[in-house]
Every structure is written in C-alpha cells, then in structure tokens.
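K.L.:
below are the sequence and a predicted model for it; my questions follow.
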Amino acid sequence: MTPRQASVAVLLQVVQNGRSLTDSLNQQLPKLKAEDRALCQALSYGCLRFYPKLDFLARQLVDKPLRNKDQDIHYLILIGLYQLLEMRIPDHAAVSQTVAVCKSLRKQWAKNLVNGVLRNFLRQKTQLIERLTPENERETYYNHPGWLLEKLQQAWPDDWEAITTANNQQAPMSLRVHQGKLSREAYLEKLVTQSLPATALHQTLHGIQLKQAIPTEALPGFVQGEVSVQDGAAQLAAELLKPQAGERILDACAAPGGKTAHLLETQAGLEELVAVDIEAERLERITENLTRLGLSATLVCADASEPASWWDGRPFDRILLDAPCSATGVIRRHPDIKLLRRASDISTLQALQHKLLRQVWPLLKQGGMLLYATCSVLPEENHEQVSRFLSEQTDANLVPIEADWGRPMSAGRQILPGEQDMDGFFYALICKSD
C-alpha cells in the first residue's frame with residue numbers, strides 16, 4: 001500500500017463513516033512502511049484541514065458528480081489538489097503518483113479523469129483561487145462550517161478570524177517532562193545532544209516545545225517514561241489544581257490520561273488518584289501511559305455523572321473535571337472536528353457538562369477544590385456554564401486565576417487557539433466552602 005492510497009482510506013472513514021482521524025490513521029499506518037507513514041499523515045491531516053476549499057475546487061473541475069461507489073476517486077482528487085496547493089512535492093511527481101493510485105484502487109478508468117482534473121487545476125489555478133473570497137465562498141475561504149463561523153464571530157467578534165487562522169495551521173509538538181525522573185533543563189540538554197532544537201514552554205513548569213515534530217518513538221527517553229506528548233495548555237491543569245501529599249484526587253473524565261499522569265508526576269505522595277472514564281478501551285490507553293511512566297492510579301470504568309454506580313462514599317480533596325466538550329479549541333490538532341461536529345451537538349454537551357458538575361460536586365470535601373476544564377472556545381460550554389453552576393450552588397465559590405496566559409472571563413480563564421503557541425482551553429477553579 002502507498003501513502004496516498006492509505007490516505008484515501010482514511011478520508012473515506014472520516015468523511016463517509018464519521019470515524020475520527022486518530023482512529024482511522026491508527027488503522028492504516030501499520031499497513032505502511034515506516035518511511036511512508038509521515039506522508040500519509042501529512043496528506044490526511046492536510047486534506048481535512050482544508051477540506052472545504054479542496055472539495056470546492058474539485059467540484060469546479062469535475063464535469064459531473066461521481067457516483068457514491070466512486071467517492072474514493074473524489075478523495076484521491078482532493079489528495080492531488082492538496083499536494084499541488086500546499087506541499088513542496090514537484091507538480092509532475094504529485095500528479096503522476098496520485099494518478100498511479102487508481103490502479104491500486106482497481107479503477108483504471110479513473111486515470112484519465114484524475115490526470116485531467118489535476119492538470120486543469122494547474123492551468124486554471126489563479127482564476128480558481130480568485131473565486132475564493134469571504135463574500136462569495138465564506139465557508140470555503142475560512143475552511144470552517146458556517147454554523148461554527150457564526151458561533152465564533154458572535155463569541156469573539158475581535159478574534160474570530162485569528163481563531164480560524166490558527167485552526168488551519170499545524171500545531172507545534174509540545175512535551176511534558178516527567179519531573180520525578182529528571183528536570184526540564186536536563187531533558188533540554190538531551191535534546192541538544194541529539195540535534196533536536198527545542199525551547200521551554202514558559203507558561204508551564206515542565207513543558208517543552210520542539211522546533212520540528214518528530215515521531216514519538218524517536219523522542220529520547222520516551223520509552224523510559226522521561227517525557228510525554230502534551231500541549232502546554234493541557235499541562236496547566238495539574239499546576240492549577242496543586243495536589244498535596246496525602247490527598248485523595250478524582251479525575252472525573254480521565255481518558256486519554258495525560259492530565260492523570262501529570263497529577264501523579266506533580267505529587268508523588270498522594271493517598272490515591274481515582275481516574276474514571278466511561279469507555280473501557282480508552283482506560284486501556286491510560287493504563288499503557290501510566291505503565292510507561294512508572295505510575296499507578298485506581299482506574300474505574302463508569303459514567304462519572306452517575307456516582308452511585310461507582311463511588312465508595314469517601315470524599316475527595318480535589319477534583320479535576322475535564323468535561324466532554326465541542327473540542328473547538330483543538331481543531332488544529334484534530335481537523336476532523338470541523339467535519340464531524342454538528343451545531344446540534346452543543347446543547348447536548350452543555351446538558352452533560354451541567355449534569356457532571358452537579359453530580360461530582362457532592363463528592364468534594366468541604367474546603368476542597370474542583371477544577372473545571374474544557375478544550376472549547378464556546379462561552380456556553382465555559383464561563384457561562386460555570387456562572388450558571390455558581391448561581392445554583394450556594395457552597396461553590398470561584399477562585400480567581402492570576403496568570404500570564406489566556407484572558408480573564410466573568411468566570412475562569414480562556415486561552416484561544418494559537419495564543420502563546422498553545423491550544424484553546426478554558427479553566428475555572430471552584431472552592432467548596434466549609
């Protein structure tokens with residue numbers, strides 16, 4: 001299998017079947033040679049990042065729509081267009097290698113079609129791109145669905161265009177050093193010795209940003225648990241919660257476990273950390289991560305919003321509620337969100353967030369702290385959600401977050417995508433009065 005053929009399979013899974021980009025790539029990458037995997041990833045991410053633009057251009061260039069059973073050829077055309085628009089592959093190589101995939105797909109008849117479309121694009125490129133204006137093709141120009149553009153414009157009238165620009169860029173590769181094994185400075189020196197340029201993420205205590213992304217397994221000390229891949233914004237959770245020795249902590253929606261691990265790394269003397277997640281498969285990923293890092297936690301497969309089914313009645317000193325959300329703050333890492341998320345999802349997520357807040361709050365000790373977090377930029381999931389909770393819960397008190405990152409909101413603090421090279425995240429710290 002070639003990287004372009006594998007990328008066709010990925011796009012089919014995501015666009016046709018609604019499967020996540022991560023899961024789709026995990027299915028296809030093992031079928032490729034190691035040296036071909038980076039190209040497959042680049043093509044898959046890029047095509048989904050710019051899907052509205054590529055889809056628009058393809059429809060301008062194909063005389064009549066392809067049949068449902070030939071949508072793989074449509075996605076192959078998108079892959080070809082992405083190479084010609086955004087990659088440094090020579091035009092002739094991009095065209096010939098893309099056309100060659102038709103044979104692998106057992107659709108020799110499509111060779112002339114794909115070749116003609118891509119060569120016509122090269123001839124008409126300037127005129128076609130000129131048609132893409134905010135006035136004529138709003139969704140195509142910004143590469144975002146209309147409903148999300150409206151929400152962003154309403155919530156962030158001065159920042160929405162910057163948000164869309166950040167969402168359409170590749171995110172940097174950020175790391176978290178396991179402070180129980182070595183210091184950030186020591187790990188930076190390791191990177192220097194291996195000619196991997198990197199800088200400290202100064203908004204965090206243990207974060208590092210690589211100048212250029214590399215395969216995870218190529219990171220020095222990764223297998224030994226010295227470092228994990230985690231965005232700087234996500235690393236702020238453990239620093240805000242400040243776990244103390246002897247405390248019992250709940251990570252209420254724990255998978256994939258990055259924040260779970262960071263809490264354990266931050267405080268080795270915890271009495272217990274209970275990590276709850278509703279999906280058994282995702283809990284397995286937490287187990288794998290903790291094992292690599294030499295850490296342990298009590299893992300519970302259950303619905304965090306139904307504590308009666310899993311809670312042992314012992315209250316927690318601190319709770320991290322990293323609530324399920326629209327993930328509109330991490331689109332640059334997960335461009336499939338733009339295709340898979342629907343406007344109707346937001347009200348469903350709001351209701352779940354509110355239920356989770358109400359249900360886990362009784363599990364917190366008096367004087368304890370709850371950190372509410374999302375990777376969303378939508379007010380209804382963030383400061384508006386927290387304000388509603390505070391108005392309903394008389395023993396809940398907002399703790400101001402003083403920081404040099406993000407921006408203060410009426411409740412909590414918001415980071416927008418790309419600000420200080422971090423993902424979009426929201427945090428609010430709430431104390432339970434005695």
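P.N.:
Noted; the coordinates are in hand.

K.L.:
and residue 379, what does it touch?
P.N.:
155, 409 (Cβ atoms under 8 Å, 6 or more residues apart in numbering). (Glycine included, C-beta is placed from N, CA and C.)

K.L.:
correction: residue 400
P.N.:
Counting by Cβ under 8 Å, 6+ apart, residue 400 has contacts residue 408.

K.L.:
and for residue 300?
P.N.:
Counting by Cβ under 8 Å, 6+ apart, the residues that residue 300 touches are 274-277, 310.

K.L.:
let's see 10 Å
P.N.:
250-251, 254, 274-278, 283, 309-312 (Cβ atoms under 10 Å, 6 or more residues apart in numbering).

K.L.:
mark which of those are buried, thanks.
P.N.:
Buried residues within the contacts of residue 300, counting neighbours by 16 or more other Cβ atoms under 10 Å: 250-251, 254, 274-278, 283, 311.

K.L.:
quick one, strands of the chain?
P.N.:
174-177, 198-200, 207-210, 227-229, 248-251, 272-277, 298-301, 316-322, 364-374, 396-399, 407-408, 413-415, 425-432 (DSSP state E).

K.L.:
next, format those strands as JSON lines and append distance to residue 119 and mean pLDDT.
P.N.:
Shown next, in JSON lines, are those (distance: least, Cβ to Cβ, whole Å; pLDDT from 0 to 100):
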{"stretch": "strand 174-177", "distance to residue 119": "40", "mean pLDDT": "98"}
{"stretch": "strand 198-200", "distance to residue 119": "42", "mean pLDDT": "97"}
{"stretch": "strand 207-210", "distance to residue 119": "38", "mean pLDDT": "97"}
{"stretch": "strand 227-229", "distance to residue 119": "40", "mean pLDDT": "97"}
{"stretch": "strand 248-251", "distance to residue 119": "54", "mean pLDDT": "98"}
{"stretch": "strand 272-277", "distance to residue 119": "50", "mean pLDDT": "97"}
{"stretch": "strand 298-301", "distance to residue 119": "54", "mean pLDDT": "97"}
{"stretch": "strand 316-322", "distance to residue 119": "49", "mean pLDDT": "98"}
{"stretch": "strand 364-374", "distance to residue 119": "46", "mean pLDDT": "98"}
{"stretch": "strand 396-399", "distance to residue 119": "60", "mean pLDDT": "98"}
{"stretch": "strand 407-408", "distance to residue 119": "48", "mean pLDDT": "97"}
{"stretch": "strand 413-415", "distance to residue 119": "44", "mean pLDDT": "98"}
{"stretch": "strand 425-432", "distance to residue 119": "44", "mean pLDDT": "98"}
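
K.L.:
including distance to residue 240, could these go into CSV?
P.N.:
Formatted as CSV, those follow (distance: least, Cβ to Cβ, whole Å):
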stretch, distance to residue 240
strand 174-177, 15
strand 198-200, 19
strand 207-210, 14
strand 227-229, 18
strand 248-251, 13
strand 272-277, 16
strand 298-301, 22
strand 316-322, 9
strand 364-374, 6
strand 396-399, 9
strand 407-408, 14
strand 413-415, 9
strand 425-432, 6
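
K.L.:
relative to residue 16, which of those is closest?
P.N.:
strand 272-277 (28.0 Å; Cβ to Cβ).

K.L.:
can you give me the angle the closest one makes with strand 316-322?
P.N.:
30 degrees (axes from the mean of the first three to the mean of the last three Cα atoms, to 10 degrees).

K.L.:
run through the neighbouring helices and strands of strand 272-277.
P.N.:
strand 248-251, helix 258-266, helix 280-293, strand 298-301, strand 316-322 (3 or more Cβ pairs under 10 Å, 6 or more residues apart in numbering; DSSP states H and E).

K.L.:
one more time with 7 Å, if that's ok
P.N.:
strand 248-251, helix 258-266, strand 298-301 (3 or more Cβ pairs under 7 Å, 6 or more residues apart in numbering; DSSP states H and E).

K.L.:
who does that strand pair up with?
P.N.:
Here strand 272-277 is paired, per DSSP bridges, with strand 248-251 (parallel), strand 298-301 (parallel).
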